[in-house]
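Asks: Sequence and predicted structure are below.
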Amino acid sequence: MGFIPNLQKKYIQFTSRLLKNYTVQEVGVGSYNKKIPDYIFEILKNNQKLRKIFLNSIMKGDGDKDGSRYSTASKTLAEQIFLLFFLEGNQPIIRKELQYNKFMIYRVKLRLKKLNRC
């Protein structure tokens, strides 16, 4: 793809119009429009090992430290995460909350059991 990385101490940075266009089309633009691409979502629904790895990874980013809830501004992403946690045997619920009296956020709260770490 012709990436020329800019190596930093804590991250790697690169630019690609092709990757940007792909991300816009498959993942969405803006926090309210984010989603798991359909083909990846289908793989995660049908592969428990990859699903656990994925859920553990997203909880490290936008999940609470205790692993009991995931937060996003995207309703679609919240619904997708809800289903993935449900397939893991959790009993999640989605709550819509007003954040800082400015914008809506969706919280996927896990009930009964937490995600088993891999």
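Replies: Great, that's in hand.
Asks: Give me the pLDDT value at residue 14.
Replies: At residue 14, the pLDDT value in this model is 75.
Asks: In the lengthiest helix in the chain, which residues are buried?
Replies: Counting by DSSP state H, the longest helix found in the chain is helix 48-62. For helix 48-62, a neighbour-count test (16 or more other Cβ atoms under 10 Å) marks 51-52, 54-55, 58-59 as buried. Using the backbone N, CA and C atoms, a C-beta is placed for each residue, glycine as well.
Asks: Against which helices or strands is that helix packed?
Replies: helix 38-46, strand 69-72, helix 75-87 (3 or more Cβ pairs under 8 Å, 6 or more residues apart in numbering; DSSP states H and E).
Asks: Quick one: mean pLDDT over that helix.
Replies: 94.
Asks: Need the CA coordinates for that helix. CSV is fine.
Replies: Output of helix 48-62 as CSV, limited to C-alpha atoms (Å, rounded to 0.1, in the frame of the first residue of the first chain):
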residue,chain,number,x,y,z
GLN,A,48,-16.0,-17.2,20.0
LYS,A,49,-12.2,-16.9,20.4
LEU,A,50,-12.0,-13.8,18.1
ARG,A,51,-15.1,-12.4,19.8
LYS,A,52,-13.5,-12.6,23.3
ILE,A,53,-10.3,-11.1,22.0
PHE,A,54,-12.2,-8.2,20.4
LEU,A,55,-14.4,-7.5,23.5
ASN,A,56,-11.4,-7.6,25.8
SER,A,57,-9.6,-5.1,23.5
ILE,A,58,-12.5,-2.6,23.2
MET,A,59,-13.0,-2.7,26.9
LYS,A,60,-9.4,-1.6,27.4
GLY,A,61,-10.2,1.5,25.3
ASP,A,62,-13.8,2.6,26.0
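Asks: Between helix 75-87 and that helix, find me the angle.
Replies: 130 degrees (axes from the mean of the first three to the mean of the last three Cα atoms, to 10 degrees).
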